[in-house]
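[1] Would you be able to build a 3D model of this:
(2 chains)
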Amino acid sequence: MTSFRLTSGGLLDRKRKIRFTFDGKAMTGLEGDTLASALLANGQMLMGRSFKYHRPRGPVTAGSAEPNALVTINTGGRAEPNTRATVAELYEGLSAQSQNRWPSLSFDIGAINGALSPFIGAGFYYKTFMWPKSFWEKVYEPLIRRAAGLGRAAMEADPDTYDKCWAHCDLLVIGAGPTGLMAALTAARAGARVILADEGFQLGGSLLSESLAVGGMAAADFASAVLDELASLPNVTLLSRTTVFGWYDDMVFGAVQKVQKHVARPLPELPVERLWRIIAKRAILASGAEERPLVFGGNDRPGIMTASAVRTHLNRYGVSAGRRVAVFTNGSSGYRTAQDLAARGVEVAAIIDPRAQANDAAPAGVRVVSNAVITDTMGRKGLKGLLLERSGFEEVVECDALAMSGGWSPVIHLACQRGARPVWSDEAQAFLVPDVGSAFRVAGSAAGHPSLSACLRDGAAQAVALARDLGFAAYDADIPEVEGEPDPSFSPVWYVTGAKGKAFVDFQNDVHVGDLGLAEREGFGFTEHAKRYTTAGMATDQGKLSNTNTAGILAGMRGVSQAQIGTPTYRPFYTPVSFGALAGAAIAEGNRPVRRSPLHGWAARHGAVFVETGLWNRPGWFARSGEKSWRESMEREVRAVRENAGLCDVSTLGKIEVFGAQAAEFLDRIYCNSILRLPVGKARYGLMLREDGIVFDDGTISRFGQNHFLLTTTTAYASQVLAHLDYASQVLWPNLDVRLLPTSEQWAQLAIAGPKSRIILQRIVEDDLSDTAFPMMAAREVTLKLGVKARLFRLSFSGELAFELAVPSSLGEAVADALMEAGREDGINPYGLEAMDVLRIEKGHVTHNELDGRTTADDVGLGRLMAMQKPDFIGRRLSTRFGLTAADRLQLVGLKPVEAAKEMKAGAHLLKQGAKPSMINDQGFVSSACYSPTLGHFIALALLKSGRERMGEKIVVWDALRDSEVLAEVCPPVFVDPDKLKQRA
Amino acid sequence: MLHTELNRHPLEDVITEENPVRGTNHVSIARRAIVVAALADGATLALLPALLGEGVRFYRCGPAIAFAVSQSQRVEDIIERLSAVPGLDLVDQTDAHVLITLSGPDVRRLLAKAVPLDLHGQAFSIGQSAGTLCGQVAVQLSRTALDAFELLVPTSYAGFLLEEIRQMGREFAFTIGFDQATA
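    From the prediction side, this is the model:
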C-alpha cells in the first residue's frame, strides 16, 4: 500500500487539514478531499471486503459508480452504511468504518469463503440448502445473509431532519461537466430558467481532473469561469451535491441533495438531505461516461483502478495511487494517465496494450508492451506485481498500482428508466439511448461523443435547440478550443483470455467470468436471467461498471452481437437514496394531517380522551375522576343520554350544500329514496348506492329552500361523497342546474340527545321547540339567545328525543358551554364515540361497520327505502340483479347471548349449533358488538344468512382469533324502544 | 355574521407568542377574514369582481365557485352588493377558513417545500390564485405581492399546517403571529 499524497497540485486547500478516523485510526486529510482520496493519501488502499468471498478491495473508481470502497460513515442514529468513499466529502471529525469483515478489515475470517468458492458459485443457494425445507428460512438464509452482504442499517432513530421541495425550470441540465456547463451557459444566456444539478460537491465534473487546457486556461479554471457567470445570472439555479436519481412521467425528475452530509454537526434548522422534485420543460442528460474495467485474472487486487480514477486522484486530489504504476489499456485513456503520472514524477512501470498497434504517445522512457495482456496479479492486500503475457511469453512486472482502461460506457440510466431499451452502437462500442422524445436529450459523452471538444460543442448545440424550441432566442456559443487533444478511440476487449485467477466482471457482487459461463451453460444467458442468476448488476452500484462488460462477455460466449444481448432494465434510483430523504418531514406526528374539530378545546376541557378516527382526533369518552376504565365512563354517558341528556360533537360529519333549480331532481337521482318532494324545513334520512347496487353512504338531506339543500355524509366518506356528486353533476348530468359547495368546515355541530334535551335546548334557543312547532325531522334556521343564527335539526341517532345544532365553527365552544350550563341541573353529560356507538347499536342503526361495501339496502333492513317507482337513480339497475336479491344473502339481525354474562365481539363468525367450527360452515359475522348499559348484557348486530327468517334461532358466535364460542339468540336488530316512542316525544 | 367576543379563533391556543417580533420573513394569521363563496356559472362569476369594490379579493377556485375574501368588509355588505346578480348563490364560509399570509424574501423558497406549483413571477403573477396542495393540505393559494402569498386553509387543518409551516420556515427564520386586523 504505497499510495501517497503529492507535495503539490490538486484542487485542495493544503492549509486546511481535516482530521478523521477510519476503523478508529486517526488520519488527516485536506479540504477538498473525498474520504477515498484522503485514505489513499494516508496509504490506506484497502477499504473494504467483497460481498461473497470477502476478498480485500480498494477503490476502482473516483466517483459514484464505485463498487468496492463502501464504508459506514458516522455512528449511532446517524450511521450511514454503504457510503461510497469515492464520493463522500471529507469533513472534520468524520468517522468511517469498514464493512463486511470480522474481526478486522485486515484479518477477516470470512475470507475463508475464497477457498470455498468452488462450492459457492453463481446460484449455489438455488441448488443447495434444499433440505429440510423449513431450514431455509430459519437457518440457511440467515446464515448466508450474515456471511455475505453490505453494511448494516442503524437501529437507532435518526436525529436529523429531512425535507422535500419542488422546483420548476425551462431546462434541467443533469451533470456539470464540460457538456453540462456549456448547455447551461448557452440556455441561461438565452434567458431560459436553468437548473444545473451535479452529484459532486464541486461543480465541473471531469474538467476538475482534466490536464488538458480549455480555452487557453486550465480546465478547472475554465469550469470556474463558466460557473461564475452562471452564478451571476438570476435565471440559474446551481445545485451541487445533488444527484438526479429518477426520471418520471410528465418530465418530473427526482433528485436528492446532500445539504449537511458534509458537516460535523448539522444545524437543526436545516435538513441533512433534501429531496427535489424538479418539473422541467426540457432536460439535457450530460452525465458523462464511465470508464470500463478490463476483465482479466486477478483484476480486483487493491491498487487496481480505472485509468481515469488514477488520473482524477492524481490531478484533482493530489494523490498518487502508487509509487510504481503500471497501465493496462486498449485506448488513449491509459496513455494519458501514464503521461500525467510521469509529469508528476510518478514512475510508470509499463504500458501494456493488447492492441498490435497504437497511435497514442507514451511518456518518454516508458516501456510500451503492445499485443500483450495481463493474466494474473500478485499481492495479498495490495498489488505487488502482475503477470504479463505476450504470445505465450510470460513476464512478471513489479508495480504497486495498475491503471486499467477498457473503453467508455455512456451513463444513460436516467434516460432509459421509463421503458426505453438502450441500443448497441458498433461505432461507439457502447449502449446508447434511443429516441426518448424531444423534451429530454442526451448530450456529450453520455451520447457517445468521445472527445472533450465534441462534448463542449454538443452541450451548447443541444441547449440551443431546446431553448429555441421553447421560444428563446438562443445563439450558438463560442466553443473554447481544447489544446493537444488525443485521439479518443479504443479497441474493445471484453475478456482477457488466459486468466490464472478469477477475472471479475462485477466487483460488488463477486461475479467472475466463470459465473457468467455457468449461467450460460445452465440456460440463464438471457441478460435479465443472467443478472438474477449471477447477481451481476445488482446491489448498490446496479452494474454501472459491469453491465456493458457482462453483455460483451455473454455476446462473446454466444457468438452474437451485444445488440442481441442488451442490458438489464434501468430503474430508479440511479444511486441509493436514503429512506429519510424519501420520507422528508412526513414522519412521526407529521406523517399525516391531524384535523381538529371546532369543539376540540371544549371536549378537552371536559376531560375527553381522544381517539384517532381517520384524520380526526375525536373524543372517545369523557373520563371523570374515580372512573377506572373507558367502559365506566361510557356506561355513565349512555345512562345520562337515556335518562337525562348528553352532548356530543358531531362536527366531523361531512356537509355539502346543493343549490340550483334542479337540485331536487339531482338528489333524487343520487339517493335511492325519494327526495323530490321533501318539504322545505324538513330533513330526511338518505341512502346512496354505488352504480353496482351496493350501499355507498348514508346521511341526511335537509331542505332549506326550494333550490337549496344541505346533505350530511358520514365522517369517513365526506370527501368520497363530494367527489361522487361532482362526478354526477359534471359528467353524468351536466345539463342539470346544480351547484355544490362543501361546507363541513364552516360548522360546529352538536348532538343533544335524551329525554331532557328539548328543555335544555329551549333555554338557549329563542324559537319554539315544542313537538308541534319543531316536529321530528324538522330542519331550519333558529336564533340563539346568544344573539347568533344557527341551524337546528330534529334528528336522532341515539333513539332518544334529540336535536343537532349547527353554529359557525368559531362559536362552537361558546354554544357548547352555554348548553352545558343550561343542562347542568338536568344532568347533561358530554358523551364520546364509545357511548355514541353503544347508543346506535342499541337502536340497530347502521354505520360503515354494516355498510361495508358488500351490503345492499335490503341486507341491512333498509330495502323499504328503495323508491323503485322513480325513473332512475344511481344503483337502481344493478340492484335488481340476481346476486343482490338472493334469498340466502347475509341480512342484518340482532344477537343477544343466551347466558347474559357472555361477551361477543365484532369480527366473530356465526355457526349453526353443532356445526364444526370452520369457515366451510360459516353463516355470517358480527359487525358491531357492545355491552349495553341499558339492557345489562352484551348485544351485537350481525349479518346472517337469511337472517330475517331465523328470529329466535340459537346460533354459535365463534371467535377463532380470541378462541371463544358463545351461544346467542337471533333477534330483531332494534334492542331499545322499537316503537320509536322516545324520539317522537 | 358579526364577530363578537364569543368567537374563538381556531389557532388561539396554537400561537402563544405575545407581541412576537415580526421578522423579514413572516407568517401572519388573520384574526378575522371574511370569506363568501359565490356559486354561479363562469360567465356570472366573471362579472363579480367589478361589483365588489375596494378591500375585497376575488379568487376563482373551480368552474362554478369563487371566493370573495376581505379583512375590511363584512359578509353582509358583500352579500348585499351581489344580491341583485341573477343565478348567483352566496354562502358565508368565513368560519370554514383560516387566512394565513406568508411574506418576505424567502417566501417562495418556503412554499417550494410544500406547493407543487410554479410560483415564479412569470408563471404565477400578483392576483393569481389556485387550488393546490400545501404539504398534505388542500388550500387556496393566492399571490398578493411580489413576495407575499396568502393561503385559505380549511379550519380543521389550520393547526397542523401551521406547524408544518413553522418547521419549513425554520431555515429562513420565519416569525409567526396574528395580525391586528379586525372586522
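
[2] Below-threshold pLDDT in the chain: ranges please.
    All of this is about chain A. A:1, A:148 (pLDDT under 70).

[3] meant chain B actually
    B:1-4, B:17-20, B:180-183.

[4] all helices of it, in order?
    B:42-47, B:49-52, B:75-82, B:107-111, B:158-169 (DSSP state H).

[5] which helices and strands sit right next to the second one?
    Yep, that's helix B:49-52 we're talking about. helix B:75-82 (3 or more Cβ pairs under 8 Å, 6 or more residues apart in numbering or on different chains; DSSP states H and E). C-betas here are computed from N, CA, C, even on glycine.

[6] Is any residue of the helix it packs on near chain A?
    No - Helix B:75-82 is not in contact with chain A by Cβ under 8 Å from any Cβ of the partner chain; minimum separation 10.3 Å.

[7] would you put the C-alpha positions of that helix in PDB?
    Output of helix B:75-82 as PDB, limited to C-alpha atoms (Å, rounded to 0.1, in the frame of the first residue of the first chain):
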ATOM      1  CA  VAL B  75     -70.100  39.400   5.000                       C
ATOM      2  CA  GLU B  76     -73.500  41.200   5.000                       C
ATOM      3  CA  ASP B  77     -72.000  44.000   2.900                       C
ATOM      4  CA  ILE B  78     -70.700  41.700   0.200                       C
ATOM      5  CA  ILE B  79     -73.900  39.700   0.100                       C
ATOM      6  CA  GLU B  80     -75.900  42.900  -0.300                       C
ATOM      7  CA  ARG B  81     -73.600  44.200  -3.100                       C
ATOM      8  CA  LEU B  82     -74.100  41.000  -5.100                       C
END
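
[8] quick one, which of the helices of chain B is nearest to A:Y475?
    The stretch from these with the least distance to A:Y475 (Cβ to Cβ) is helix B:107-111; that distance is 29.9 Å.

[9] circling back: quick one: the helices of chain B as a markdown table, columns for distance to A:T855 and mean neighbour count too.
    As requested, the helices of chain B are exported to a markdown table (distance: least, Cβ to Cβ, whole Å; neighbours: other Cβ atoms under 10 Å in any protein chain shown):
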| stretch | distance to A:T855 | mean neighbour count |
| --- | --- | --- |
| helix B:42-47 | 40 | 14 |
| helix B:49-52 | 49 | 14 |
| helix B:75-82 | 43 | 17 |
| helix B:107-111 | 45 | 20 |
| helix B:158-169 | 34 | 21 |
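
[10] Generate a markdown table for these, with distance to A:Y931 as supplementary columns.
    Below are the helices of chain B laid out as a markdown table (distance: least, Cβ to Cβ, whole Å):
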| stretch | distance to A:Y931 |
| --- | --- |
| helix B:42-47 | 54 |
| helix B:49-52 | 57 |
| helix B:75-82 | 47 |
| helix B:107-111 | 51 |
| helix B:158-169 | 35 |
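
[11] Can you say which of the ones you listed is nearest to A:V577?
    helix B:158-169 (20.7 Å).

[12] The longest strand belonging to chain B and chain A in contact?
    As assigned by DSSP state E, the longest strand anywhere in chain B is strand B:137-145. Yes - using Cβ under 8 Å from any Cβ, strand B:137-145 reaches chain A at B:V137.

[13] for that strand, which positions count as buried?
    B:137, B:139-144 (16 or more other Cβ atoms under 10 Å in any protein chain shown).

[14] With stretch A:626-639 instead?
    A:627, A:630, A:633-639.

[15] And those, which is closest to A:H54?
    Nearest to A:H54 among those is A:W630, at 56.5 Å by Cβ to Cβ.

[16] and the residue nearest to the closest one when sequence neighbours are not counted, what helix or strand is that in?
    Distances taken as Cβ to Cβ, 6 or more residues apart in numbering or on different chains put A:W621 closest to A:W630, at 5.1 Å, once the chain neighbours are dropped. Element membership of A:W621, judged by DSSP states H and E, is strand A:616-622.

[17] tell me what the helix or strand that comes right after that strand is packed against?
    Per DSSP H and E, the first helix or strand lying C-terminal to strand A:616-622 is helix A:630-643. When contacts are defined as 3+ Cβ pairs under 8 Å, 6+ apart, helix A:630-643 packs onto strand A:616-622, strand A:828-830, helix A:833-843, strand A:924-932.
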